[in-house]
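Q: fold the stuff below for me.
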Amino acid sequence: MTTASPVVERIRQDVAGNDVVLYMKGTPVFPQCGFSAAVVQVLTELGVKFKGIDVLTDPSLRQGIKDFSNWPTVPQLYVKGEFVGGSDIVREMHASGELREMLQTRGIAANTA
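A: Residues are numbered from 1 along each chain as shown. The predicted structure follows:
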């Protein structure tokens, strides 16, 4: 049995310990790329509390999250431990109402507007 790297363990703990986690470039207050900013905007619009994790502060985390999800890009949104997707998927789900519905079925408070 192989042990997971410290980076993978850290990701597992963050994803398991927080209802909504966004791995992004920059911070929720100061996103460092348009795609990260778009996901922050969607979550903010929905009134969803989330933990933003800046992958730019740690190159091993930046690569580690891609390996963890088998998804090649950042940002990456996780809800209740489940990988939701990146910027395009999150925006599409928001536009269709699917994101709000998914959050609510998982017991996460979102604006009902």
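Q: can I assume A16 is in contact with K80?
A: No. Applying Cβ atoms under 8 Å, one finds A16 not in contact with K80, separated by 9.3 Å. Where you see a C-beta, it was placed from the backbone N, CA and C, and this is true even at glycine.
Q: which one's more surrounded, those two?
A: A count of neighbours by other Cβ atoms under 10 Å puts K80 above the other of A16 and K80, at 17 against 11.
Q: ok, now which ones touch D58?
A: Counting by Cβ atoms under 8 Å, 6 or more residues apart in numbering, D58 touches V7.
Q: again, only this time at 7 Å
A: The contact partners of D58, by Cβ atoms under 7 Å, 6 or more residues apart in numbering, come to none.
Q: how near is it to L99?
A: 28 Å (Cβ to Cβ, to the nearest Å).
Q: same question for N18.
A: According to Cβ to Cβ, N18 stands 17 Å off from L99.
Q: same question, G81
A: Distance, G81 to L99, using Cβ to Cβ: 16 Å.
Q: quick one, which of these two is more surrounded?
A: Taking neighbours as other Cβ under 10 Å, G81 and L99 compare with L99 leading, 24 against 13.
Q: and the more buried one, which helix or strand is it part of?
A: Using DSSP states H and E, L99 sits within helix 98-105.
Q: CA atoms of that helix as CSV?
A: Provided in CSV are the C-alpha atoms of helix 98-105 (Å, rounded to 0.1, in the frame of the first residue of the first chain):
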residue,chain,number,x,y,z
GLU,A,98,-28.4,23.2,-11.5
LEU,A,99,-25.7,24.5,-9.2
ARG,A,100,-28.3,26.0,-6.7
GLU,A,101,-30.3,22.8,-6.8
MET,A,102,-27.2,20.7,-6.2
LEU,A,103,-26.1,22.9,-3.2
GLN,A,104,-29.6,22.7,-1.7
THR,A,105,-29.9,18.9,-2.0
